[in-house]
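Student: kindly generate the corresponding structure for this input.
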Amino acid sequence: MQNAAAAVAAAAAAPAGAGLAGPAAGPALARYRRCPAMGFLTKPVRPTPEIPVLEDSRVSLTEAMLADASPFALITMLDEVERDVSSCRSFSVHATMGLLNNLREKKRGHDQANRCWDIFHSIPREVLQSLVLGTTAYDAANGLKGYKDLNGAGVYVLGVSIANRQGKFLNLGEMEILVKNMGEYLEGARLMLKLPTEEDYDMIEQRQLERHVQRVDSQFILRGDKTKPAFVKRITLNQEDQLSEGAIRLSEALARRCDAMRVLDPTGTVHTIQAPLYVGCGKDIAEHVKVYEPKAGSAFASANLLYGLLLSLLQHQGLRPVHHIIAASRLWEEKQMSDADRLISALAMSFPDKGGLNNTQPGAQHGKSADLNGSEDYVCVTEPYYEENIKHSLADLEARKEAGKLIDKADEAWARIEAMDTEDLVRQGNNINRRTREIMEKTASAVAQSSSRLEKDTAILAQMDGLRSALKEMANGMPPQSPEEDEERIPDTYENN
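Tutor: Model (predicted):
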């Protein structure tokens, strides 16, 4: 798009260090709306009992969004997201890290940077807040709306809550049970797949673990083969057979979440509003998301194994899971699909290592092509999000240019000072000192003259007060003096005159 290309070019020319992550200082723009979960946070942003896990990138982005930072300002902060993504080990994230770097570095004319600029600006601000915090289920249950029309290509975010809790997830006790049941499921799966287990079990314990796997698997799906687990697979890594990484990483992440919840909520009574997320991408969102409804006989288990495992464990635990779906971005070009999948998965931290449900590398192929006619008009004209975000970024870029001009002027002045020789600087300094002393001497003389004049004026005022008192006495009826008496009262000094 022409606007996007121009904005990327302007971003590449923007001065480094100018107005780094603050809101735009240009024309007054409407404040961004907030997702419901933002009401649980204040600055400085810290984990809370309701939102117990916040990586550094999530904290930085959330604080910037609380300050209404422009999308461009947020893009300059993606290096922190890149660092958090780099720690993921469930699958390769090199492509995702490269995408984040290209977007953040604002590479002029780079096709992927231009596409990602458009994608990032197409994300509604409230949805961006929600997926960064991991609170999509709670926000969706409490009024958050993304794109209303799901009949087209785009990226969606899937969150999980518990029925009758207004979008909330688990408390500490329930989370501990979930982690315990997941650990037992993984051990039972290892036994069923003839893989090494964490511990040695006797025949009775082995049978109990295998039955636990079968009970979890049967919560939603009807399976003929009960000799293998439904939600984890055997893989070969480094010439060694083992359990698929995703479920193991997810179990470890949920255990870390338990540790955080114990610190933040010792009573164990608070239900979190943060829950595992899954990011999906499809040529027709409305058709694509039908599979995720948690009901008996549903095919969601095969659509995403970690999502199926989580919901089956919750159901087995006696809880009724509810799924929530929000369209985070609508797309209008085929080439945007993979980039959007990677970008939004990184922003949502939906990898198993971070407690997310994306079990495969984002950016894979997304099936047959769909009709994209009209999608660009829908995103850029019909819905307000893209236009709103672009206006904020362009205002920010303009403010940075003005700041850059001021910095250039300061640099020029400093360069002129540095170009002056030392003797000239000393000479100018001596002249300033001489003029300063002259001004100080004149000021002291003026102060002394003013003091002398003040003393004279004070004496005159005293004489006038005496005369005024004498006149008052005469007015009060004192007998007039005879000329002789008056003459006797005349001081000698006057007679001599």
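Student: contacting residues for the nearest residue to Lys354 once chain neighbours are set aside?
Tutor: Take Lys354 and drop its neighbours on the chain: the residue closest to it by CB to CB, 6 or more residues apart in numbering is Ala253, 6.2 Å away. (Each C-beta comes from the backbone N, C-alpha and C, glycine too.) Going by CB atoms under 8 Å, 6 or more residues apart in numbering, Ala253 touches Pro352, Asp353, Lys354, Gly355, Gly356.
Student: would you confirm that the last one contacts Leu347?
Tutor: No. Contact criterion CB atoms under 8 Å: Gly356 and Leu347 do not qualify, at 11.3 Å.
Student: show me what the strand or helix carrying Gly159 is packed up against.
Tutor: Using DSSP states H and E, Gly159 sits in strand 154-162. Packing partners of strand 154-162 (3 or more CB pairs under 8 Å, 6 or more residues apart in numbering; DSSP states H and E): helix 125-133, helix 136-141, strand 277-282, helix 285-288, helix 305-316, strand 321-330, helix 336-348.
Student: give me the contact list for the third one.
Tutor: Translated: strand 277-282. Outside of strand 277-282, the residues within contact range by CB under 8 Å, 6+ apart are 131, 134, 136, 153-159, 288-289, 304, 306-307, 328, 337-338, 340-341, 344-345, 348-350, 356-358, 362, 366-367.
Student: drop anything exposed from those.
Tutor: 131, 134, 136, 153-159, 288-289, 304, 306-307, 328, 337-338, 340-341, 344-345, 348-350, 356-358, 362, 366 (16 or more other CB atoms under 10 Å).
Student: about what we covered before: nearest to Glu333 among the contacts of Ala253?
Tutor: Nearest to Glu333 among those: Gly356, at 26.2 Å, using CB to CB.
Student: doesn't the closest one belong to a helix?
Tutor: No. Looking at Gly356 with DSSP: H, G, I helix; E, B strand; the rest coil, it is coil, so not inside a helix.
Student: which residues are in contact with the residue nearest to it when sequence neighbours are not counted?
Tutor: Using CB to CB, 6+ apart and skipping residues adjacent in sequence, the residue nearest Gly356 is Ser350, 3.4 Å away. Shown in contact with Ser350 (CB under 8 Å, 6+ apart): Val157, Pro276, Leu277, Tyr278, Val279, Gly356, Leu357, Asn358.
Student: same list (those residues) but as CSV, adding distance to Leu61 and pLDDT.
Tutor: What follows is the contacts of Ser350, written out as CSV (distance: CB to CB, whole Å; pLDDT from 0 to 100):
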residue, distance to Leu61, pLDDT
Val157, 16, 95
Pro276, 19, 96
Leu277, 15, 96
Tyr278, 20, 95
Val279, 16, 95
Gly356, 16, 94
Leu357, 21, 94
Asn358, 19, 92
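Student: which of those lies closest to Pro229?
Tutor: Nearest to Pro229, judged by CB to CB, of those is Leu357 at 17.0 Å.
Student: with adjacent residues omitted, what lies nearest to that closest one?
Tutor: The shortest distance from Leu357 to any non-neighbouring residue, by CB to CB, 6+ apart, is to Tyr278 (3.9 Å).
Student: and the gap between the one you found and Glu80?
Tutor: Using CB to CB, to the nearest Å, Tyr278 is found at 23 Å from Glu80.
Student: which of those two has more neighbours?
Tutor: The residue with more neighbours, out of Tyr278 and Glu80, is Tyr278; 25 against 17, by other CB atoms under 10 Å.
Student: for Leu264, grab the count of nearby residues.
Tutor: For Leu264, the count of nearby residues is 18 (other CB under 10 Å).
Student: so who does it touch?
Tutor: Pro47, Thr48, Pro49, Pro52.
Student: Asn102 is in contact with His110, correct?
Tutor: Yes. Counting by CB under 8 Å, Asn102 is a contact partner of His110 at 5.7 Å.
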